[in-house]
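Peer 1: A predicted structure for the sequence below; I have some questions about it.
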Amino acid sequence: MAIGYPSADGGTVVLSDVDLRVERGDFLTILGPSGCGKSTLLRVVADLLPPLSGAISVLGHPPARARSRREVAFVFQDPTLLPWRTVRENVELPLQVGRGSVTRPVETTADALLALVGLAEFADRYPDQLSGGQRQRVAIARALLCNPNILLMDEPFGALDEITRDRLNDELLAIWRRTGTTILFVTHSIMEAVYLGQRVLVLAARPGRVQEVVDLRPMKGANGGLAREAPEAVAAMARLRQLLAGQVP
Ligand SMILES: Nc1ncnc2c1ncn2[C@@H]1O[C@H](COP(=O)(O)OP(=O)(O)OP(=O)(O)O)[C@@H](O)[C@H]1O
Ligand SMILES: [Mg+2]
């Protein structure tokens, strides 16, 4: 599959030869230099952009099906909240918009999810009364409300301080273990990619392509976890750093 953007001369390829299989329940973290196509790849999975060539199947069907059934939730790089709705009303948005209503059982309430992301006391505020990181956490709560089969997260924790980020990493792992949700997670943090991912997809730029898929499962415990300072984690981070620096052919 090639992915990119349509243009007058047929299309600008961002990533070529993407041949990737993500099993249900996988937690795939995605690393690569700015502009290499990480967000574009998520857009294709979410059915916001068709592939330029080749095909993609999501949950065994064309991506439009998963989209219309709300089986895929997207946390965008820039949180997209409606300014005229309170925080709670923003989280509840997926229950009210779109064709019909959500058919999948809702895992929990907006207030429970806001508590999970540490925003319980902000439920009645409006987005412009929140910090950037707080807005991002509202977007995460909203994505979790529909109990999606696939969760696409585009640098969701980039704007957070390290302590909050560590806490939300742990919460996300707990959610992943509990729900078996398939997660595709873009990050610029090598540490985060190793801590969260079962596999790490390394993308390269110019030309955009898949450089390597690093499988971390052999070094992770039965629950998919690994201490941040474990020697295996440190070694995996060093290897990923070399890959990203172009020091490994
Ligand atoms: N709507 C668009 N039309 C045409 N080209 C686009 C469009 N959106 C992005 N691009 C181009 O596609 C390439 C990949 O962009 P993308 O946003 O996927 O990168 P990224 O890996 O997510 O980068 P970053 O880490 O900075 O978020 C870039 O060269 C970008 O300029
Ligand atoms: Mg991006």
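Peer 2: That came in fine, so what should we check first? Ligands and ions are numbered 1, 2, ... in the order given.
Peer 1: going forward, measure contacts between C-alpha atoms and count neighbours the same way
Peer 2: OK.
Peer 1: so for residue 147, what's the pLDDT?
Peer 2: At residue 147, the model reports a pLDDT of 83.
Peer 1: quick one, phi psi at it?
Peer 2: phi 50, psi 60 (degrees, to the nearest 10).
Peer 1: for residue 202, same thing?
Peer 2: phi -100, psi 120.
Peer 1: neighbours of it, how many?
Peer 2: 20 (other Cα atoms under 10 Å).
Peer 1: right, and it touches residue 36 too?
Peer 2: No. Assessed by Cα atoms under 8 Å, residue 202 is found out of contact with residue 36, at 10.2 Å.
Peer 1: which element is encountered next along the chain beyond the strand or helix carrying residue 166?
Peer 2: Using DSSP states H and E, residue 166 falls within helix 162-179. Using DSSP H and E, the helix or strand that follows helix 162-179 towards the C-terminus is strand 182-186.
Peer 1: can you list contacts of that next one?
Peer 2: Identification of contacts with strand 182-186 by Cα atoms under 8 Å, 6 or more residues apart in numbering yields 23-31, 38-39, 42, 149-156, 176.
Peer 1: pLDDT weak spots in this protein?
Peer 2: Applying pLDDT under 70 to the chain flags residues 97-107, 249.
Peer 1: what does it put close to ligand 1?
Peer 2: 5, 14, 33-40 (Cα under 6 Å from any ligand atom).
Peer 1: quick check, nearest of these to residue 124?
Peer 2: Nearest to residue 124 among the residues of the chain next to ligand 1: residue 39, at 31.0 Å, using Cα to Cα.
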